[in-house]
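>>> when you get a sec, could you give me coordinates for this:
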Amino acid sequence: MSKLVVQVVEAFDLMPKDEQGSSSPFVEVGFDGQRRRTATKHKDLNPSWNEMLVFDINNPRDLDYKTIDVSVYSDRQGARGHHLHFLGRLKISGASVPSSESGSSVQHYPLDKRGLFSNVKGEIALKLYAVHGGAPQEPVVQQHAVPSSVAAENEGTGRFEEPEFQNTPFEEINTNSFDEEEVKVEMKKKKKEKEVRTFHSIGTGAGGPPQSAPPPMREKPPVVETRADFAKAAAPATSVMQMQMPRQNPDYMLVETRPPVAARLRYRGGDKISSTYDLVEQMHYLYVNVVKARDLPVIDLSGSLDPYVEVKLGNYKGQTKHFEKNQNPVWRQIFAFSKERVQSNLLEVAVKDKALGKDDFVGKVVFDVMEIPLRVPPDSPLAPQWYRLADKRGDKIKGEIMLAVWMGTQADESFPEAWHSDAHNISHSNLSNTRSKVFFSPKLHYLRVHVMEAQDLVPYDKGRLPDPYVKVAVGNQTRMTKVQQRTIHPVWDDPLMFVASEPFEDYIIISVEDKIGPGKDEILGRAMVPLREVPQRFETGKPPDPRWLNLQKPSKAEEEGEKKKEKFSSKILLRFFLEAGYHVLDESTHFSSDLQPSSKHLRKSSIGILELGILSARNLLPMKMREGKTTDAYCVAKYGNKWVRTRTLLDTLTPRWNEQYTWEVHDPCTVITVGVFDNAHTNGSKDDARDQKIGKVRVRLSTLEIDRVYTHYYPLLVLTPLGLRKHGELQLALRFTCTAWVNMVAQYGRPLLPKMHYVNPIPVMHTDWLRHQAMQIVAARLLRAEPPLRREVVEYMLDVDYHMWSLRRSKANFHRIMSVLSWITTVYKWFNDICHWRKPITTCLVHVLFLILVCYPELILPTIFLYLFVIGIWNYRFRPRHPPHMDAWLSQADSAHPDELDEEFDSFPTSRPSDIVRMRYDRLRSVAGRVQTVVGDLASQWERAHAILSWRDPRATAILIILSLIWAVFIYVTPFQVVAVLFGLYWLRHPRFRSKLPSVAVNFFKKLPSKSDMLI
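Here you go, the predicted model:
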């Protein structure tokens, strides 16, 4: 039978729950109706258990859909479990459990809260794995016998609890058998060396010598960016100045690399050649430029020649297109052979005649690879030369071919257009889909159409007044006004907004329609305005004057008689103009890469340069296993309106691109996005084939240091309906160079978006719709490029479905809010410790500081700012040493339930069965009920505060105003410093003068009325 093994290793920095500032923690684990618990560690906030809990797996196939519940409690009374304090919990999906012990390692999990107001901190270390076909090798455990009465009680409550014994209350229940002296030595070491976490191997109860140390955990990469002082130092006490470091799976972390790029080598050895291409490794290529041929001899008996050129270097062979019946063909095609793959010393360029059977040999030119010249940019391109053809024996024959052959790097201008040796099996029609290109998004504008009114509408049915409304269409975008009832002179006054792109080739189509019934409308008139004739408004200038447009009759009137001109027509009043002062959002503002306005005259000046080197990838997952291939990977990077696409490297799981790109930076608070995709159009695939996403990386420029080169392997994480998957790692090199320090510093004081977004903001209800339309326009325009950036690539890079509902993302945002607000809890706990004199020295210092500030109030503000300065200097040691990246723990992606992911990837509207939809609706109702309760409690508190002076409770209000008058007189006649000292000393009074009951003020406030009893 299969088993699930949960090894509870240790925990750090748990929340103290007793009056002595400590806890007695134990861990309780539940799985599939089974519950196990560890021993209790008395008075230990950093306990170490090293206990193995084993559970039965009834059906191994259902493990991915099960959840492992881990809860940490503090046993207040030592041996019995009736008085428990909650210390934290976590839920682990069964899909993340390795299938063997060799594939598992100790993972650190942060403890989550049970409710909104739970006070939880710390983390727990667990090792989980499944054992199929037998039970795991458990260590010999010597435990106390459990009395039958206690066992019956535990069975009834469903919780395993330790019985109460006659020996010392604080005696620890040993999970292993060892000598008492050994325990004393270990406890002494714990007290003396509290700052260093050292774990000892303890022998079993066999009485023999201690066992050797267990084998080490799976070794992490040696260059993972972690701090040694965090690994060695003990968990620090909670402090206002302590920076929290997120914990996540080591496989999802960055790995720092040191590739031999010129920017890191600082041009050692005089290699200044690569200075303009210094973020990538130099890759040498042999370039062959086949230009044209002349006077080729005729080989065929028919007297015609269909020539093409075959370039051969070792096992690699490339061909040009063939021309029919042409003795003077012009090819102008470049071939590039990687120097690393050169397997021959001879380069052969042969001209052949295309035939039905075997192609005929015409002539050839042979080059010695060792004699080919080296071209170094920025030298001019190598001039091609004429070469006489030779036959197979090497004798010169009739005919010449113009060639240029040289050795170069990927910095050569011929590199993007060249046919590469790794694409030798790609046809000429699909070759363009593998080349590297640079794209630019179309220039977008917001278009405002203000529909005001219409006059003299003529309905088709003369016996009834129309119910008119206006439909405005721009390209694929359509918006409608509200319907006016029974009038031929309607007034709408509806502002509509659209997204328009340059060049302005579309038309604004305005049609006035009569709503006769559901699904039945009749056109009363139509007008068209070319976009190129629409005026522009810059910033806050006065909008253009409205215009009256004639409404043309539908086409039926033109068919009846074009000769007869109408002297009368209905009219509509419109104001339309292009907004040039806005930035058209095509991606979320949270990770936007461009915040510039549409007008070039209003844009900010450049403050720096961003350089990106796309080096390589490793451990990619095979995406084409069904086709007998691995992965045809390429990268896409987007920053601002500039998109770049690397070349496609065929059939490899470790591609090496080594391509470098540059962008101008106008605002440091922007994000660059790099995605990796599998090319589905390399072997004549259908046009509707979709490129599969492998993963993407986002880097915020403001987190980068100036002029520092960052080289890391970034994990490529993709969230699928089956869970979070790592598809490989992408190696990037980044450098942000500032060219205008003053402008960059000034940017931090300027608004994020252009001025018009604040002077005349766009309604929130229109923002998402306009962003979606902008994304569609960008995707449609880039799809028309050659090679195209396909729609699925653009949508993935722009996160087109970011606004869709996701329970996982909602939970992640809730945890973000609680993490941000946790400093309030931290400050409260720190202040509470001072008030209860748990740290006498700190409390005395606070008293002294308080008296100084009361006596010298002019020191209050300088003290606050000095404290902020000290906190910043203190946290400088713990600053991040690497760029931010996709955080699986923060996104709740590694612990999401399979049903939550299925709901997130569901279509809209849903395509799931009704019972699943009903279950999800009930779950949403349950969550909303808890939110409703919290919101109701907050409303009650605010209503109580509002009721203080509203006389809803006459006696409470009378008591308050009388006390307010007394306090006003007392404070007026008493010096303020005396009042402040009395109030401060009372608040910081010793616990001996405190009561465990709530204060009078709290009791008074809680008895004030709220409106909760008025709800139906």
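>>> buried ones in the longest strand seen in the chain?
Ranked by residue count, the top strand of the chain under DSSP state E comes out as strand 723-738. Under the neighbour-count criterion of 16 or more other C-beta atoms under 10 Å, strand 723-738 has 723-724, 726-736 buried. Yep, even glycine has a C-beta here, placed from its N, CA and C like the rest.
>>> and it, what does it pack against?
Counting by 3 or more C-beta pairs under 8 Å, 6 or more residues apart in numbering; DSSP states H and E, the packing neighbours recorded for strand 723-738 are strand 608-618, strand 671-678, strand 692-700, strand 709-720.
>>> try 10 Å this time
helix 262-265, strand 608-618, strand 633-639, strand 656-665, strand 671-678, strand 692-700, strand 709-720, helix 898-904 (3 or more C-beta pairs under 10 Å, 6 or more residues apart in numbering; DSSP states H and E).
>>> and the next helix or strand past it?
Counting by DSSP states H and E, the next helix or strand C-terminal to strand 723-738 is helix 741-747.
>>> show residues contacting that following helix.
604-608, 665-669, 702, 706, 738, 740, 750 (C-beta atoms under 10 Å, 6 or more residues apart in numbering).
>>> and the helix or strand that that helix is followed by, which residues are buried?
Using DSSP H and E, the next helix or strand after helix 741-747 towards the C-terminus is helix 756-759. For helix 756-759, a neighbour-count test (16+ other C-beta under 10 Å) marks Met756, His757 as buried.
>>> hey, C-alpha coordinates of helix 756-759 in PDB?
Taking Å, rounded to 0.1, in the frame of the first residue of the first chain, the C-alpha atoms of helix 756-759 are listed here in PDB:
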ATOM      1  CA  MET A 756      -4.400  64.600 -18.900                       C
ATOM      2  CA  HIS A 757      -5.000  61.400 -17.000                       C
ATOM      3  CA  TYR A 758      -5.300  63.600 -13.800                       C
ATOM      4  CA  VAL A 759      -6.900  66.800 -15.200                       C
END
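>>> so His766, which of the three states?
helix (DSSP: H, G, I helix; E, B strand; the rest coil).
>>> enumerate every residue touching it.
Tyr446, Arg479, Pro495, Leu496, Met497.
>>> then Ile948?
Ala956, Thr957, Leu960, Ile961, Ser964, Phe1004, Phe1005, Leu1008.
>>> and it, what helix or strand is that in?
Using DSSP H and E, Ile948 sits in no helix or strand.
>>> now the longest strand of the chain: mean pLDDT?
Strand 723-738 comes out with an average pLDDT of 92.
>>> relative orientation of that strand and strand 633-639 in degrees?
Put simply, strand 723-738 runs at 50 degrees to strand 633-639, going by axes from the mean of the first three to the mean of the last three C-alpha atoms, to 10 degrees.
>>> and the angle from strand 723-738 to strand 692-700?
40 degrees.
>>> Arg923 looks like it's in a helix, true?
Yes - according to three-state DSSP, Arg923 belongs to a helix.
>>> what about it, distance to Asp915?
Applying C-beta to C-beta, to the nearest Å, the value for Arg923 to Asp915 is 13 Å.
>>> please confirm that Thr933 is located within a strand.
No - applying three-state DSSP, one finds Thr933 to be helix, outside a strand.
>>> next, count neighbours for Val27.
Val27 has 26 neighbours, counted by other C-beta atoms under 10 Å.
>>> quick one: low-confidence parts of the chain?
Residues of the chain that meet the criterion pLDDT under 70 lie in 77-83, 116-117, 133-248, 266-276, 423-425, 555-568, 684-687.
>>> distance from the centroid: which residue in it tops it?
Most distant from the centre of the chain: Leu301, at 66.0 Å, with distances by C-alpha atoms, centre = their mean.
>>> quick check: beta-bridge partners of Glu579?
Beta-bridge partners for Glu579, by DSSP bridges, are Tyr446, Arg537.
>>> related to what we said a few turns ago, put the buried members of the contacts of His766 into a PyMOL selection.
Only the buried entries of these go into this PyMOL selection, using 16+ other C-beta under 10 Å:
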select buried, resi 446+479+496+497
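>>> what is the nearest of the contacts of His766 to Met797?
Tyr446 (22.2 Å; C-beta to C-beta).
>>> isn't that closest one right next to Ile762, touching?
Yes - assessed by C-beta atoms under 10 Å, Tyr446 is found in contact with Ile762 at 7.7 Å.
>>> residues that sit against both of the two, list them.
Common neighbours of Tyr446 and Ile762 are listed as Met497, Glu579, Tyr582, Leu585, Met756, Leu770 (criterion: C-beta under 10 Å, 6+ apart).
>>> follow-up on the earlier one: which of the helices and strands packed on strand 723-738 sits closest to Pro384?
Once the helices and strands packed on strand 723-738 are compared by C-beta to C-beta, strand 656-665 is nearest, at 25.9 Å.
>>> sheet partners, orientation included, of that closest one?
Strand pairing for strand 656-665, determined by DSSP bridges: strand 608-618 (antiparallel).
>>> just the C-alpha atoms of the partner strand, please, in PDB.
Written as PDB, here are the backbone C-alpha positions of strand 608-618 (Å, rounded to 0.1, in the frame of the first residue of the first chain):
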ATOM      1  CA  GLY A 608      19.100  56.400 -19.800                       C
ATOM      2  CA  ILE A 609      19.600  53.300 -21.800                       C
ATOM      3  CA  LEU A 610      18.500  49.800 -21.100                       C
ATOM      4  CA  GLU A 611      20.600  47.000 -22.500                       C
ATOM      5  CA  LEU A 612      19.400  43.400 -22.600                       C
ATOM      6  CA  GLY A 613      21.500  40.400 -23.500                       C
ATOM      7  CA  ILE A 614      19.500  37.200 -24.200                       C
ATOM      8  CA  LEU A 615      22.200  34.600 -23.700                       C
ATOM      9  CA  SER A 616      20.800  31.100 -23.500                       C
ATOM     10  CA  ALA A 617      18.300  28.700 -21.800                       C
ATOM     11  CA  ARG A 618      18.700  25.400 -20.200                       C
END
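>>> tell me the angle that strand makes with strand 709-720.
Angle, strand 608-618 to strand 709-720, by the same axes, to 10 degrees: 60 degrees.
>>> run the angle between strand 608-618 and strand 671-678 for me.
Angle of strand 608-618 versus strand 671-678, following the same axes, to 10 degrees, is 30 degrees.
>>> how close does Lys600 get to Tyr758?
Counting by C-beta to C-beta, the gap from Lys600 to Tyr758 is 21 Å.
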